[in-house]
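Q: The amino acid sequence is not available; the structure is as follows:
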């Protein structure tokens, strides 16, 4: 049964002091590793996602999540607490608006790791955000990375690859993402991303941290 969406959408400041950076990319492209390292390099904050999916062992080392029940997620959605939300492989994910808005108003650089669905919603509310799409070197490299994680069944791998092809095509055909960066060599990719973000970043006294809702 689909979730009920509130019409009370959270508003973002029209001219925030901080920089909102949206990073998207297909499963297996290395988004979480890159975001974690960017937080350290830039003194940025990494926004939590609330999700209904079960906690996994790799969550200790990857993107920070707030794990909630489907009922709690629906309550947050009904109250208009999400900046964006999406359904991915049968589970729901959403970024809480208040901590993001607060950090931006304080002049901090905020990194959001979200999919194409969520990025489209962010673009409607935060048109001045920086949108970056991460690409694999090629499809074979992406297939290898997904298989090497050992998390998915063969059927799940096929679904992820199909979704990846769709997301890459959307990113290439549309005008949502200002930049598309290939994650071939990690350090080179990080250097490129850091330069893109710093080009928009305003002076700040923030230190690298994780932003919780």
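A: That came through fine. These numbers were taken from a predicted model, which means no experiment stands behind them.
Q: what helix or strand is residue 37 on?
A: helix 31-42 (DSSP states H and E).
Q: Flag every buried residue along that helix.
A: By 16 or more other Cβ atoms under 10 Å, the buried positions in helix 31-42 come out as 31-39, 42. Heads up, the C-betas are built off the backbone N, CA and C, glycines and all.
Q: Show me which of the residues you listed is closest to residue 97.
A: residue 35 (19.0 Å; Cβ to Cβ).
Q: The closest one contacts residue 110, doesn't it?
A: No: using Cβ atoms under 8 Å, residue 35 makes no contact with residue 110, being 11.0 Å away.
Q: Flag every buried residue along the longest helix along the chain.
A: Across the chain, the longest stretch assigned as helix under DSSP state H is helix 154-173. Within helix 154-173, the residues that qualify as buried are 157, 160-161, 163-164, 167-168, 170-171, counting by 16+ other Cβ under 10 Å.
Q: same deal with stretch 74-83?
A: For stretch 74-83, the neighbour count (16+ other Cβ under 10 Å) marks 74, 76-77, 81-83 as buried.
Q: quick one: the helices in the chain?
A: Under the criterion DSSP H, the chain contains helices at 31-42, 70-78, 97-105, 116-125, 139-149, 154-173, 186-198.
Q: ok, what's across the strand from the residue positioned nearest the centre of the chain?
A: The chain has residue 113 as the residue nearest its centroid, 1.4 Å off, counting by Cα atoms, centre = their mean. Counting by DSSP bridges, residue 113 is bridged to residue 23.
Q: tell me the contacts of it?
A: Going by Cβ atoms under 8 Å, 6 or more residues apart in numbering, residue 113 touches 23-24, 31-32, 35, 46, 49, 63.
Q: quick one: the nearest residue to residue 180 once chain neighbours are set aside and residue 142, what's the gap?
A: In this structure, residue 180 finds its nearest non-sequential neighbour in residue 133, 4.8 Å apart by Cβ to Cβ, 6 or more residues apart in numbering. Per Cβ to Cβ, to the nearest Å, residue 133 is found 13 Å from residue 142.
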